[in-house]
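K.L.:
Okay, structure incoming, though there's no sequence with it:
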Ligand code: SF4
């Protein structure tokens, strides 16, 4: 990647002199003296010395608790740009998704940081000095680190694949589940006698029920959950089936009833109960080693469980590429946390959740998977499989290969891998039971169509699947006859001035201040002042729908979720942001 080495060092007088020189034209010397005192007195702040061919070329002051670059400066005045890019490459290879705090008005630093891929997300004042928080675009991080770099050494993980006979009787499913757990070391490895076990299925929405018939592939098959409870009953003291539905968050109870989950408690009324995680009591926890959202409110049910078993479905996701173990825990968070996770970065949020809530066992329901436009509008695909393991990243890697997908194509799986949560390399995952080759069957992928309209252009250079997938989802709602002129589609409406929508970290055409400009996500946050900005990474579907449909004031906005609730969450998020320093 670069010939730069980063060594931990001390604060030197050379550095102090260099910083005083650097900031002299910009700000009162109290700015750097204040910071210097803090860096000197806080042993947890890391002072990196960047060397090239053994010579000190730059210094980086870094706080690992907040993943914040507090300072980055070259040793030679006037030398910057290219050298700092190499230093940053070395830093993110080591520290992953970092942020930076720079002095407002430091145009030189702002410019090269934006060129590298940092975006200004927050302005605040510390001791009278105005600071800008810069977040690194996740898409840029993936491009610069991706695969082929050194990831924290992952140990070998075991993942088991169990076939289920085509008839999928309850006995078949129960037997396959016992075999799978046996291949992973037996139930005693995961559940202590008398302990509380939380089963976290995926019950995302009501799309899996068509005219009273369960179609499969959208929510976790209740027969698998029944079989799991049957296996756990002789050992566990309490079994909790817990979910917080992601679409229409007030309706988890209705989902439990719709899919028959509410009858699971009848298996043993003393031991089995259901919990709606969207209304559960919460406990605030710091995320060890987390980034961006380093403190999260977690449902008490998840925080106090002796063991958690995650049971996602084998399905495609239009933005995350696959919705499996990593994605399943989004439903384990309360509504405001779910909403905020889009704002601060959904992919990192999923990694953070796994640092907080650690399922000891994941069993992917591959009885019937979902291909094409998952996670709720795809096509069921019969697979007759269970896939299980203890490491969610390794389980996702195997499940994705079974689906004919590259594990590195899923942003949350790749990010978790790059941050050392587990391996995705085939040689680091031992597969027991059936082999991947024996059971693999390619899943149809959604065709992401970002073609604009007559006067509406889309600029999506280098966007990751997050913004691309969500924008496709909203644009599709414009591909219907325009009520003003049914001979053409809404997307082809005449706009004067024309409309430009930008997403991804680069801009293939210069922003034209004369057009109506819409900018998506953290990647386009540096352009926010030039038009309408949709905050988030990726922005929440509601945010995109609101922004794009504001171009069509005479057209009723399609419903995504309960608007009143989403608006309430939006207000709560604003309160959270207003209290941030
Ligand atoms: S803002 Fe959008 S394109 Fe950029 S990293 Fe986030 S999801 Fe991907």
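P.N.:
Okay, I see it. Every value quoted in this text rests on a predicted model; they were computed, and no experiment measured them.

K.L.:
contacts, neighbours, all on C-alpha from now
P.N.:
Fine.

K.L.:
Now do the same for residue 256: helix, strand or coil?
P.N.:
helix (DSSP: H, G, I helix; E, B strand; the rest coil).

K.L.:
Find the residue closest to it in space, skipping its chain neighbours.
P.N.:
Leaving aside its sequence neighbours, residue 256 sits nearest to residue 262 (CA to CA, 6 or more residues apart in numbering; 5.3 Å).

K.L.:
Spell out which parts of the stretch 101-250 of the chain neighbour the ligand.
P.N.:
Selection of the stretch 101-250 of the chain residues close to the ligand by CA under 6 Å from any ligand atom yields 137, 138, 139.

K.L.:
related to what we said a few turns ago, roughly how far apart are the residue nearest to residue 256 and residue 226?
P.N.:
According to CA to CA, to the nearest Å, residue 262 and residue 226 sit 12 Å apart.

K.L.:
more neighbours, those two?
P.N.:
Remark: of residue 262 and residue 226, residue 226 carries more neighbours, 19 against 16, as counted by other CA atoms under 10 Å.

K.L.:
Am I right that that one is in a strand?
P.N.:
No: with three-state DSSP as the criterion, residue 226 is helix rather than part of a strand.

K.L.:
So it sits against residue 264, correct?
P.N.:
Yes: between residue 226 and residue 264 there is a contact under CA atoms under 8 Å: 6.9 Å.

K.L.:
returning to that earlier point: ok, of the residues of the stretch 101-250 of the chain next to the ligand, which one's closest to residue 382?
P.N.:
Nearest to residue 382 among these, counting by CA to CA, is residue 139 at 33.3 Å.

K.L.:
which residues of the stretch 201-350 of the chain fall in helices?
P.N.:
For the stretch 201-350 of the chain, applying DSSP state H, counting those that start in this stretch gives helices covering 222-232, 252-258, 300-303, 325-328, 335-344, 346-356.

K.L.:
Deepest in the core, which of these is it.
P.N.:
For the helices of the stretch 201-350 of the chain, the largest average neighbour count (mean count of other CA atoms under 10 Å) is found in helix 325-328, namely a mean of 25.

K.L.:
so how far is that one off the chain centroid?
P.N.:
How far helix 325-328 lies from its chain's middle: 10 Å, per CA atoms, centre = their mean, to the nearest Å.

K.L.:
who does that helix touch, helix- and strand-wise?
P.N.:
Packing partners of helix 325-328 (3 or more CA pairs under 8 Å, 6 or more residues apart in numbering; DSSP states H and E): strand 307-311, helix 346-356, helix 392-402, helix 411-418.

K.L.:
Export those to JSON lines and append columns for distance to the ligand and mean pLDDT.
P.N.:
As requested, these are exported to JSON lines (distance: least, CA to the nearest ligand atom, whole Å; pLDDT from 0 to 100):
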{"stretch": "strand 307-311", "distance to the ligand": "25", "mean pLDDT": "98"}
{"stretch": "helix 346-356", "distance to the ligand": "8", "mean pLDDT": "96"}
{"stretch": "helix 392-402", "distance to the ligand": "20", "mean pLDDT": "98"}
{"stretch": "helix 411-418", "distance to the ligand": "8", "mean pLDDT": "96"}
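
K.L.:
Give the closest residue to the residue of the stretch 201-350 of the chain found nearest the ligand in space, chain neighbours not counted.
P.N.:
Nearest residue of the stretch 201-350 of the chain to the ligand (CA to the nearest ligand atom) works out as residue 345 at 6.6 Å. Spatial nearest neighbour of residue 345, chain neighbours left out: residue 537 (4.5 Å); criterion: CA to CA, 6+ apart.

K.L.:
so the one you found, which of the three states?
P.N.:
coil.

K.L.:
Hmm, it is touching residue 348, no?
P.N.:
No: at 9.4 Å, residue 537 does not count as touching residue 348 under the criterion of CA under 8 Å.

K.L.:
Residues in contact with both of these two, list them for me.
P.N.:
Taking CA atoms under 8 Å, 6 or more residues apart in numbering as the contact rule, residue 537 and residue 348 touch no residue in common.

K.L.:
Point to the residue nearest the middle of the protein.
P.N.:
residue 347 (1.5 Å; CA atoms, centre = their mean).

K.L.:
Okay, the residue nearest to that one when sequence neighbours are not counted and residue 348: tell me how far apart.
P.N.:
Once flanking residues are discounted, residue 347 sits nearest to residue 412: 4.7 Å by CA to CA, 6+ apart. Per CA to CA, residue 412 is found 7 Å from residue 348.

K.L.:
Could you do residue 385 as well?
P.N.:
29 Å.

K.L.:
quick one: stretch 507-515 to chain centroid distance?
P.N.:
29 Å.

K.L.:
wait, I meant stretch 443-458
P.N.:
22 Å.

K.L.:
got a list of contacts for that stretch?
P.N.:
316, 318, 370-374, 403-405, 460, 468-469, 471-472, 475, 491-495, 498-502.

K.L.:
got the contact list for stretch 514-521?
P.N.:
With CA under 8 Å, 6+ apart as the criterion, stretch 514-521 contacts 467, 497-504, 511, 525, 527-528, 530-539, 547.

K.L.:
ugh, wrong one, I meant stretch 124-144
P.N.:
So stretch 124-144 is in contact with 31, 89, 92, 96-104, 117-123, 415, 462-464, 504-505, 522-523, 581, going by CA under 8 Å, 6+ apart.
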